[in-house]
Every structure is written in C-alpha cells, then in structure tokens.
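Enquirer: Sequence and computational prediction follow.
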Amino acid sequence: MGKPVVGIPYIGKGVHNHIMLMHYMVALLRAGAKPIVLKRSTKPEVLEQYLAHCDGFLMPGGADIQPSRYGREKEPACGKIDMERDAFELALLEMLLPTQKPILGICRGCQALAVVSGGTLYQDITPLQSCQHNDKMNLPRGVHTITLQGESLLRDSLQPAGDTLRVNSMHHQAIEQPGEGVRVIARSSDGFIEAIQRDDRVFCVGVQWHPEHMAPRNKAQQRIFNTFVQACY
C-alpha cells in the first residue's frame with residue numbers, strides 16, 4: 001500500500017509562511033504521508049483533479065478570512081485579507097464536504113471549516129481574552145490550557161495526555177458560531193472554541209492551535225497528524 005497523498009493549499013510567500021509549510025510537511029512525513037502543495041484555483045475541473053489525486057487535505061493557518069464570507073462587515077481590528085486564498089480554499093472545502101475525504105484544519109483552517117459550514121468568527125478576540133492567544137515567540141511549547149469536551153477523534157488522538165493540556169497559540173480571531181453540523185470538542189480556559197469536529201465524516205477535525213510546531217517534542221501533538229494520515233488510507 002502506497003503512502004496517502006495529502007494536499008496542502010498554497011499558503012503564500014514570505015519566511016513565516018515558508019516555515020509554517022515546512023513544519024506541516026515534516027509532521028505529515030513523520031506520520032507516513034506524502035504531502036503536496038496545491039496551486040490556487042477556483043476552476044471546478046482543477047478542484048476535481050485535486051479531489052481525485054489527494055487522499056486527504058490539510059487546511060493551513062494564515063491570513064484572516066474576509067468577513068463578508070460569513071455575513072459580516074469588516075471591523076477595524078480585522079487583519080490582513082487574502083481574497084484569492086479565501087476564494088480557493090472555501091471553494092475547495094465546499095467541494096470536499098459532500099465527500100468522505102479526511103480534512104484536518106489548523107488555525108485559519110479550523111476557522112475556514114466553521115465558515116464553510118455556515119459559522120461565524122470573532123474578528124479580534126484581544127479585548128475579550130484573559131489568557132495569551134497570540135504568542136509567536138513560544139510556538140514549540142504550550143502557552144495556555146484547553147479542555148477537551150466529550151468523545152472525539154481529537155481526544156482519542158491525544159490520549160493518554162489527559163483532557164486538559166497546554167497548547168501554543170498564534171491567532172487573534174476565533175470561531176464565534178461553529179456552523180451547522182459542527183460540534184465543539186475543546187475550549188480554552190477563557191472560553192474560546194479551540195477545536196471542532198464534523199460527525200458526518202470519517203475524519204473532519206479543526207484545531208485552533210499549531211500542533212505542527214509542538215509535534216517534534218510532543219508525542220501527543222504528533223498523534224493528531226498520525227490519526228489524520230491513518231484516516232487517509
């Protein structure tokens with residue numbers, strides 16, 4: 001049996017994006033997958049080719065999602081928008097959801113899963129938070145706690161780490177309403193949604209933190225990728 005092919009939508013230029021992509025690919029390679037980067041396109045025939053070629057999809061972190069995508073006006077605290085990326089990733093997700101192709105969403109990718117399911121986002125949680133959610137200097141280690149809620153694929157992956165654990169954090173937006181068919185499976189200590197799951201699929205999980213940065217030193221975080229890749233066979 002060959003290695004499952006995992007598609008990662010192209011994140012964009014810049015050192016930060018390059019480092020993020022590298023960490024995704026290393027975690028997936030360690031889990032036994034063959035990661036590939038998908039060029040941006042909204043053409044149905046190209047998206048169909050991606051679905052046919054890839055066994056699973058990792059939706060990556062990055063820029064804020066255009067608020068009009070979830071029915072809101074852009075607020076001053078909303079960050080940089082990449083509309084071309086929004087168009088590509090949301091079109092890909094809309095085509096993916098009726099299938100059973102496994103999906104792992106990370107940070108922005110978690111939020112995109114909520115948005116494509118009809119959910120909404122907080123455009124800036126900075127005034128609302130009581131713990132640090134945007135600590136770019138400490139990505140290899142946990143900076144705040146989350147608590148897992150109920151049975152979930154994520155909980156199964158993280159065990160025996162326990163139901164309360166520390167995660168890194170690099171976001172100023174968060175899911176407000178998770179959307180139709182989306183279940184909240186983890187929250188931060190100050191109440192924000194940290195992980196979601198769609199139960200109508202074999203594997204469709206989104207996490208708000210960046211497990212790829214913790215995975216080299218944290219076996220529980222690497223198991224998130226291992227479980228996802230196993231679902232791609």
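Expert: Structure received. Residues are numbered from 1 along each chain as shown.
Enquirer: show me the contacts for residue 170.
Expert: Going by Cβ atoms under 8 Å, 6 or more residues apart in numbering, residue 170 touches 61, 107, 134, 135, 136, 139, 209, 210. (Each C-beta comes from the backbone N, C-alpha and C, glycine too.)
Enquirer: gap between it and residue 48?
Expert: In this view, residue 170 and residue 48 are 33 Å apart by Cβ to Cβ, to the nearest Å.
Enquirer: can you check residue 136 too?
Expert: 37 Å.
Enquirer: do the same with residue 16
Expert: Per Cβ to Cβ, residue 16 is found 31 Å from residue 48.
Enquirer: Same check on residue 18?
Expert: Distance, residue 18 to residue 48, by Cβ to Cβ: 29 Å.
Enquirer: Tell me how many other residues surround the closest residue to residue 74 other than its chain neighbours.
Expert: Spatially, and ignoring its direct neighbours in sequence, residue 74 is nearest to residue 67 (4.9 Å; Cβ to Cβ, 6 or more residues apart in numbering). Residue 67 is flanked by 18 other residues according to other Cβ atoms under 10 Å.
Enquirer: for residue 144, same thing?
Expert: As a burial measure, residue 144 scores 20 neighbours (other Cβ under 10 Å).
Enquirer: Do I have it right that it meets residue 165?
Expert: No. The criterion here is Cβ atoms under 8 Å, and residue 144 misses it with residue 165 at 10.2 Å.
Enquirer: list the residues that contact both of the two?
Expert: Common neighbours of residue 144 and residue 165 (Cβ under 8 Å, 6+ apart) do not exist.
Enquirer: Tell me the helices and strands packed up against the top helix by length along the chain.
Expert: Using DSSP state H to define each element, the chain has its longest helix at helix 15-30. Under the contact criterion of 3 or more Cβ pairs under 8 Å, 6 or more residues apart in numbering; DSSP states H and E, helix 15-30 touches strand 5-9, strand 34-38, helix 211-214, helix 219-231.
Enquirer: hmm, back to that, so between residue 16 and residue 48, which is more surrounded?
Expert: Neighbour count, other Cβ under 10 Å: between residue 16 and residue 48, residue 16 has more, with 14 against 11.
Enquirer: Which helix or which strand is home to residue 104?
Expert: strand 103-106 (DSSP states H and E).
Enquirer: What are the boundaries of the strands in this protein?
Expert: With strands called from DSSP state E, the chain shows them at 5-9, 34-38, 56-59, 103-106, 120-122, 144-148, 164-167, 174-177, 182-188, 193-198, 204-207.
Enquirer: Okay, buried residues for stretch 145-157 please.
Expert: Within stretch 145-157, the residues scored as buried using 16 or more other Cβ atoms under 10 Å are 146, 148, 149, 152, 153, 154, 155, 157.
Enquirer: List of residues touching that stretch?
Expert: So stretch 145-157 is in contact with 131, 158, 163-167, 183-189, 194-195, 197, 203, 205, 207, 209, 220, 223-224, 226-227, going by Cβ under 8 Å, 6+ apart.
Enquirer: now it: mean pLDDT?
Expert: For stretch 145-157, the mean pLDDT works out to 96.
Enquirer: likewise stretch 24-36?
Expert: Averaged across stretch 24-36, the pLDDT comes to 98.
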